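Visitor: sequence plus the predicted model coming up.
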Amino acid sequence: MATKKPRRTDSPGRETRTAVADPHAGTPRAMPMRDFSRSLPMALLRAREAVMRHFRASLRAHGLTEQQWRILRALTSFDSIEVTELARVAYLLGPSLSRILRDLEERRLIDRRPMKEDLRRNIVSISPKGLRLIEVVAPSSEQIYAEITHRYGEDRLTELQAMLHELEASLRDMPLPCGDGGPGSA
């Protein structure tokens with residue numbers, strides 16, 4: 001069971017918190033990092049979850065997963081797109097995307113065809129049936145967006161989206177300590 005420990009600040013803007021005590025040793029460890037509740041990745045995950053829990057019921061009612069909806073939404077922005085590029089814009093790993101595309105293709109919500117220049121690669125587009133599904137789901141989605149906007153405030157939501165874009169842009173060229181930093185990396 002987690003217990004709250006006293007905070008101490010080692011330098012301006014850096015808060016260090018003593019970690020949860022090891023139940024076997026009985027002594028707390030000092031951790032040279034910010035408190036878990038102030039972790040930027042965790043704050044972003046908590047905010048994402050707070051938003052997405054309002055969309056899940058609607059998606060389920062239409063037989064869609066979050067990832068399937070993400071793909072369909074992304075495909076509405078393009079006439080067609082190469083699968084690798086779709087993975088990049090939808091922030092999905094290749095194996096997950098392959099499974100999702102197979103499911104969407106079986107439901108005839110997307111069309112997939114080989115590239116003329118390289119038959120090993122595929123081009124994907126949303127099908128007319130997929131577009132009709134988007135039209136059915138969109139009113140519910142927009143109603144949820146309207147409620148979020150009402151509760152959080154239109155100006156604040158616009159500012160938040162701008163700040164998130166700025167954060168993303170400012171980190172784009174930041175060197176990575178290891179790994180490729182793609183979807184699914186910690």
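Guide: Sure, I can see it. Numbering: from 1, shown residues only.
Visitor: C-alpha coordinates for stretch 154-168, CSV please?
Guide: Written as CSV, here are the backbone C-alpha positions of stretch 154-168 (Å, rounded to 0.1, in the frame of the first residue of the first chain):
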residue,chain,number,x,y,z
GLU,A,154,-13.6,27.2,-25.4
ASP,A,155,-10.7,29.6,-24.9
ARG,A,156,-8.9,27.3,-22.4
LEU,A,157,-9.4,24.2,-24.7
THR,A,158,-8.0,26.2,-27.7
GLU,A,159,-5.1,27.3,-25.6
LEU,A,160,-4.5,23.8,-24.3
GLN,A,161,-4.4,22.4,-27.8
ALA,A,162,-2.0,25.1,-28.9
MET,A,163,0.2,24.4,-25.9
LEU,A,164,0.2,20.7,-26.6
HIS,A,165,1.2,21.4,-30.3
GLU,A,166,4.0,23.7,-29.0
LEU,A,167,5.2,21.1,-26.6
GLU,A,168,5.3,18.5,-29.3
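Visitor: go through that stretch and flag the buried ones.
Guide: Applying a neighbour-count criterion of 16 or more other CB atoms under 10 Å, one finds nothing buried in stretch 154-168. Any C-beta I mention is one placed from the backbone N, CA and C, and that applies to glycine too.
Visitor: repeat that for stretch 69-76.
Guide: 69-72, 74-75.
Visitor: now it - C-alpha only, PDB.
Guide: Once non-C-alpha atoms are left out, stretch 69-76 reads as follows in PDB (Å, rounded to 0.1, in the frame of the first residue of the first chain):
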ATOM      1  CA  TRP A  69     -11.800   4.900 -34.600                       C
ATOM      2  CA  ARG A  70      -8.400   6.600 -34.700                       C
ATOM      3  CA  ILE A  71      -7.600   4.900 -38.000                       C
ATOM      4  CA  LEU A  72     -11.000   5.800 -39.500                       C
ATOM      5  CA  ARG A  73     -10.600   9.400 -38.300                       C
ATOM      6  CA  ALA A  74      -7.100   9.600 -39.700                       C
ATOM      7  CA  LEU A  75      -8.300   8.200 -43.100                       C
ATOM      8  CA  THR A  76     -10.900  11.000 -43.400                       C
END
